[in-house]
Structures are given as structure tokens and as C-alpha cells.
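**Q** mind folding the following:
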Amino acid sequence: MNTLRLRRPDDWHLHLRDGAQLAAVLPFTAARFARALVMPNLRPPMTTTAALADYRARIVQALPAGPRFEPVMTLYLTDRTPPEEIRRARDSGFVAGAKLYPAGATTHSDAGVTSIDNVWDTLEALAEAGLVLQVHGEVTEPAVDVFDREAAFIDRVLSRVVERVPGLRVVFEHVTTTTAVEFVRDARPGVAATITPQHLLMNRNAIFEGGIRPHHFCLPVLKRERDREALLAAATGDDPRFFLGTDSAPHARHSKEAACGCAGIFSAHAGIELYAEAFEAADRLHRLEAFASERGADFYGLARNAGHITLERTEWTVPQSYAFGSDELVPLRAGGTVGWRLVTQ
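**A** Numbers count the residues shown, from 1 in each chain. I've put the predicted structure just below:
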């Protein structure tokens with residue numbers, strides 16, 4: 001198979017930033033995906049429907065000419081998000097849910113939820129409104145090993161949410177471990193997960209190959225090889241609970257290559273091609289369309305996209321960097337090659 005035609009896919013976890021940085025990275029996603037769930041962890045965070053409306057307008061204004069692209073928005077959940085705000089989000093027609101960042105878990109998450117016990121009324125309102133809770137699933141206690149924080153979150157937080165609010169749809173975003181895969185598979189209906197390209201293609205050794213690789217640092221961090229294999233089996237299998245979310249997260253080079261570098265991997269420049277590599281390595285290219293174009297839309301209750309894209313098995317060299325407003329960013333595989341190329345939209 002030298003070409004691969006897919007129903008136009010969706011990205012159910014994407015960071016776009018704002019301003020000139022937004023304009024720099026948006027074309028990569030818009031060329032490949034029909035929709036993307038845009039993360040709200042800006043400064044200041046997008047904690048109201050009104051703020052999301054303004055942000056969405058800026059995204060639409062920055063869109064290049066080309067295939068139609070729809071930004072789907074999610075509200076930044078805080079300890080003080082009132083149920084009334086959830087109802088406003090529902091009535092907007094462009095907000096799909098609310099994002100739970102444990103305070104301090106990742107980039108710009110300091111305004112996030114400090115305790116799940118502070119937001120039960122808001123979660124009940126989400127369930128009543130039919131919106132989705134998107135979860136960054138890590139605890140933040142320093143005493144918990146960084147490689148164990150996802151499992152601890154399942155035990156301490158996520159299992160309680162799933163049980164206490166049975167009508168709430170939950171997406172466990174960017175799962176990274178065998179434990180998380182097993183939790184989602186065994187969970188009640190209405191629980192799903194996204195999987196990133198980096199967690200399908202790399203294990204934690206990639207952070208240390210030949211020295212510290214800051215552009216391979218993300219949160220949750222890459223895990224063991226057995227975890228990568230479990231994720232690949234889930235993504236390429238036939239379980240509709242697992243679908244595509246790149247978690248493409250652009251940062252300026254100086255923010256990554258620093259004494260205390262930012263977490264995040266930029267993958268939007270090859271946002272579907274990298275998945276094709278992973279699926280091909282597993283001899284499951286025929287499963288990519290379901291993972292990328294069907295399961296996420298079905299879970300969110302949206303129509304599957306009508307258009308198509310075509311990928312060609314052609315090796316191309318990734319640039320060492322891309323412009324990022326007044327800065328530059330280093331993409332995944334910078335200076336290396338990707339085995340598939342987008343040829344039509």
C-alpha cells in the first residue's frame with residue numbers, strides 16, 4: 001500500500017496558543033483535520049464561555065484558505081466554576097465540555113482544580129448538560145514518582161468521578177500506561193481516552209538518547225516500552241473507546257532548551273502522518289481511519305466528516321525548526337524523516 005485515503009480526521013486534543021503563535025501553527029492542523037478540540041490553558045485561562053467565544057473568533061480569523069476547519073472549544077475548569085457557566089457553555093453551541101487540569105500538573109495549569117471535592121456540583125451540571133469532561137490525569141504531589149502519577153490519579157480521583165457521576169461522559173486524555181488502558185477498557189459506558197503520536201512511537205528512553213532531549217519532554221512523560229506496546233494495541237484494536245488526540249503543544253525553542261524547560265511536543269506538522277507510521281509498524285493501517293476519523297466523532301455525538309485526505313508513502317525530511325511568531329519552535333523529528341506525506345486534502 002503506497003497511498004492511503006482516509007475520511008478527513010479530527011484531533012481531539014490540540015494546543016494552538018494565541019496571537020502570532022496561533023497564526024504560525026494553525027495551518028498545520030487545518031490542512032489535515034476537519035475539527036480539533038482546542039485546549040483552554042492560555043494566559044489568562046479560558047474560564048468563561050464569553051472568553052472562549054472571543055478566542056474561537058480569533059482562531060477562525062487566523063484560518064488560512066483551504067478546506068473547512070472547525071475549532072471545538074472546551075472550558076477551563078477551576079475550583080470556582082459555577083454550574084451556571086456550564087449551562088452557558090452548553091447553550092453556546094460551540095463548547096463541547098470542560099477541561100480538568102489538576103492545579104500545577106502541566107503548562108499554565110496553576111489555576112486548575114486543587115481538589116475534586118471542590119467541583120462535584122459542576123461535574124453534575126456537566127452531566128446534565130450532556131457535555132464532556134476532558135481530564136489531564138496526573139496527581140501533583142511531589143512524593144509521588146513522576147512515572148506513577150497517572151496510576152495514582154486513577155485511584156484517587158478518576159475512579160471516584162466515574163462512579164459518583166454516572167451520567168458524565170469522560171475522556172481520559174493522552175493516556176500513557178498499561179494501567180490507564182486497562183482502566184478505560186473496564187470502565188462503565190461513557191468513558192474513553194485519547195492517545196498521542198509520541199506515546200505510540202517512543203518510550204522513555206527517547207528522552208535520554210545521546211543526552212537530554214528537551215523536545216521529547218511532555219506531560220505525562222513517556223513511559224516504559226511495555227506501556228507503549230499497550231497503547232499501540234489499544235489504538236490499533238477495535239475498541240471504540242480509544243481515539244486520536246495529538247496533544248500537539250508548541251513552545252518557543254528557548255522555553256524548551258532551558259534550565260527548567262516547558263513540557264510539550266509539537267507534532268501538528270505531521271499530525272496524521274506520524275500515526276500512519278505507528279499503525280503501519282503494527283501492520284494495522286486498515287484500522288487508522290476508525291481511530292482517526294470515526295470513534296472521536298461518535299463519542300462526541302457529531303457527524304463523521306464527509307471529506308477525505310490522501311497520504312502517500314514518501315519519506316520527507318522535517319525542518320530543523322518552524323517560525324513561531326517572533327520565536328521559533330522545534331518540531332518532533334526535527335532534522336529527521338517521516339515515512340508518510342499528506343498529498344491531498
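**Q** return stretch 17-32 as CSV; C-alpha atoms alone will do.
**A** What follows is stretch 17-32 as a C-alpha-only set of coordinates in CSV (Å, rounded to 0.1, in the frame of the first residue of the first chain):
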residue,chain,number,x,y,z
ARG,A,17,-1.7,29.3,21.7
ASP,A,18,-2.8,32.8,20.6
GLY,A,19,-1.8,35.8,18.5
ALA,A,20,1.1,35.4,16.1
GLN,A,21,1.9,32.0,17.6
LEU,A,22,-1.6,30.8,16.8
ALA,A,23,-1.3,32.1,13.2
ALA,A,24,2.0,30.2,12.9
VAL,A,25,0.8,26.7,13.9
LEU,A,26,-2.9,26.7,12.9
PRO,A,27,-2.3,25.9,9.2
PHE,A,28,-0.6,22.6,10.0
THR,A,29,-3.7,21.3,11.8
ALA,A,30,-6.2,22.9,9.4
ALA,A,31,-4.6,21.1,6.4
ARG,A,32,-5.1,17.7,8.0
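**Q** distance between that stretch and the chain's centre?
**A** 15 Å (CA atoms, centre = their mean, to the nearest Å).
**Q** ditto for stretch 216-227
**A** Its chain's C-alpha centre and that of stretch 216-227 lie 14 Å apart, by CA atoms, centre = their mean.
**Q** give me the buried positions along it.
**A** 216-223, 227 (16 or more other CB atoms under 10 Å). C-beta coordinates here come from the backbone N, C-alpha and C atoms, glycine included.
**Q** okay if I get those residues as JSON lines plus pLDDT, secondary structure and distance to Val161?
**A** What follows is the buried residues of stretch 216-227, written out as JSON lines (pLDDT from 0 to 100; DSSP: H, G, I helix; E, B strand; the rest coil; distance: CB to CB, whole Å):
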{"residue": "His216", "pLDDT": "98", "secondary structure": "helix", "distance to Val161": "30"}
{"residue": "Phe217", "pLDDT": "97", "secondary structure": "coil", "distance to Val161": "28"}
{"residue": "Cys218", "pLDDT": "97", "secondary structure": "coil", "distance to Val161": "24"}
{"residue": "Leu219", "pLDDT": "96", "secondary structure": "coil", "distance to Val161": "20"}
{"residue": "Pro220", "pLDDT": "97", "secondary structure": "coil", "distance to Val161": "18"}
{"residue": "Val221", "pLDDT": "98", "secondary structure": "coil", "distance to Val161": "23"}
{"residue": "Leu222", "pLDDT": "98", "secondary structure": "coil", "distance to Val161": "26"}
{"residue": "Lys223", "pLDDT": "98", "secondary structure": "coil", "distance to Val161": "23"}
{"residue": "Asp227", "pLDDT": "98", "secondary structure": "helix", "distance to Val161": "23"}
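**Q** and of these, the nearest to Lys99?
**A** Leu219 (14.2 Å; CB to CB).
**Q** how many residues are close by the residue nearest to that closest one when sequence neighbours are not counted?
**A** Nearest residue to Leu219, sequence neighbours excluded (CB to CB, 6 or more residues apart in numbering): Ala263, at 4.1 Å. Here the number of neighbours of Ala263 (other CB atoms under 10 Å) works out to 16.
**Q** give me the neighbour count for Gly19.
**A** Neighbours around Gly19, by other CB under 10 Å: 11.
**Q** spatially, what comes nearest to it if we skip its sequence neighbours?
**A** Gly325 (6.7 Å).
**Q** neighbours around the one you found, how many?
**A** Gly325 has 17 nearby residues by other CB under 10 Å.
**Q** run through the residues that contact it.
**A** By CB atoms under 8 Å, 6 or more residues apart in numbering, the contact set of Gly325 is 19-21, 23-24, 252.
**Q** tell me which two in these are the farthest apart.
**A** Using CB to CB, the pair of the contacts of Gly325 lying farthest apart is Ala23 and Ala252, separated by 14.6 Å.
**Q** I would like the residues contacting stretch 111-127, please.
**A** 44-45, 47, 76-83, 86-87, 97-98, 100-105, 132-133, 157, 160-161, 164-165, 167-169.
**Q** give me the three-state assignment for the closest residue to Cys218 other than its chain neighbours.
**A** If the residues on either side of it in the chain are set aside, Cys218 comes closest to Ile265, at 4.7 Å by CB to CB, 6+ apart. Assigned with DSSP: H, G, I helix; E, B strand; the rest coil, Ile265 falls in the coil class.
**Q** contacts only, for Ile265.
**A** If you count contacts by CB under 8 Å, 6+ apart, Ile265 has them with 196, 198, 215-218, 247-249, 332.
**Q** then Met1?
**A** Met1 touches 285, 313, counting by CB under 8 Å, 6+ apart.
**Q** before we move on, back to that, would you list the contacts of Ile265 in JSON lines and tack on distance to Glu273?
**A** JSON lines is the format used below for the contacts of Ile265 (distance: CB to CB, whole Å):
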{"residue": "Thr196", "distance to Glu273": "14"}
{"residue": "Gln198", "distance to Glu273": "13"}
{"residue": "His215", "distance to Glu273": "18"}
{"residue": "His216", "distance to Glu273": "18"}
{"residue": "Phe217", "distance to Glu273": "22"}
{"residue": "Cys218", "distance to Glu273": "19"}
{"residue": "Asp247", "distance to Glu273": "16"}
{"residue": "Ser248", "distance to Glu273": "13"}
{"residue": "Ala249", "distance to Glu273": "18"}
{"residue": "Leu332", "distance to Glu273": "11"}
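**Q** and which of these is nearest to Leu63?
**A** Nearest to Leu63 among the contacts of Ile265, with distances taken as CB to CB, is Ser248, at 16.6 Å.
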